[in-house]
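Participant: sequence plus predicted model, see below.
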Amino acid sequence: MSLYHTNGNGAEAKVYKEQFLDECSGAQCADAVDNLISSINGKPGVFGCDLMEILYNGDVNGNYYIGWKDQVAAKTAYILSLISNGVLAQSAYTSL
């Protein structure tokens, strides 16, 4: 963002802005965020499973057991950070 503030009217800033807008056009960013959200809200989503269900009940086939939540919690936290960044990107796209 500081690059944009420094060169907000420059040619580079315009190129970065256009590339960003192209990447999120056609609801691509919104769809990506929705897919990630669906992985933690009870639907299978992109991972084919509900991560929150595994977190609380375990998944013996995936070597995640009830009470052994540190790995799954770390992975869920990573997904939540991706969702948060995705919401931020979608908000920026909508604002622009």
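Facilitator: Now that the structure is in, tell me what you want to look at.
Participant: pull out the buried residues from the helix or strand hosting Asp22.
Facilitator: Under the criterion of DSSP states H and E, Asp22 resides in helix 11-24. Under the neighbour-count criterion of 16 or more other Cβ atoms under 10 Å, helix 11-24 has 20, 24 buried. Any C-beta I mention is one placed from the backbone N, CA and C, and that applies to glycine too.
Participant: show me where this structure dips below the pLDDT cut-off.
Facilitator: 1-9, 67, 69 (pLDDT under 70).
Participant: mind listing the helices for it?
Facilitator: Using DSSP state H, the helices of the chain run over 2-6, 11-24, 28-38, 51-57, 70-95.
Participant: quick one, what contacts Gly10?
Facilitator: Contact analysis of Gly10 by Cβ atoms under 8 Å, 6 or more residues apart in numbering lists nothing.
Participant: okay, the helices of the chain, which one's buried deepest?
Facilitator: Ranked by mean neighbour count, the helices of the chain are led by helix 28-38 with a mean of 17 (mean count of other Cβ atoms under 10 Å).
Participant: report the angle between that one and helix 70-95.
Facilitator: Computed by axes from the mean of the first three to the mean of the last three Cα atoms, to 10 degrees, the angle separating helix 28-38 from helix 70-95 equals 150 degrees.
Participant: what helices or strands is helix 28-38 leaning on?
Facilitator: Secondary-structure packing of helix 28-38 (3 or more Cβ pairs under 8 Å, 6 or more residues apart in numbering; DSSP states H and E): helix 70-95.
Participant: chain center to the helix it packs on: distance?
Facilitator: 4 Å (Cα atoms, centre = their mean, to the nearest Å).
Participant: I am finished for the moment; much appreciated.
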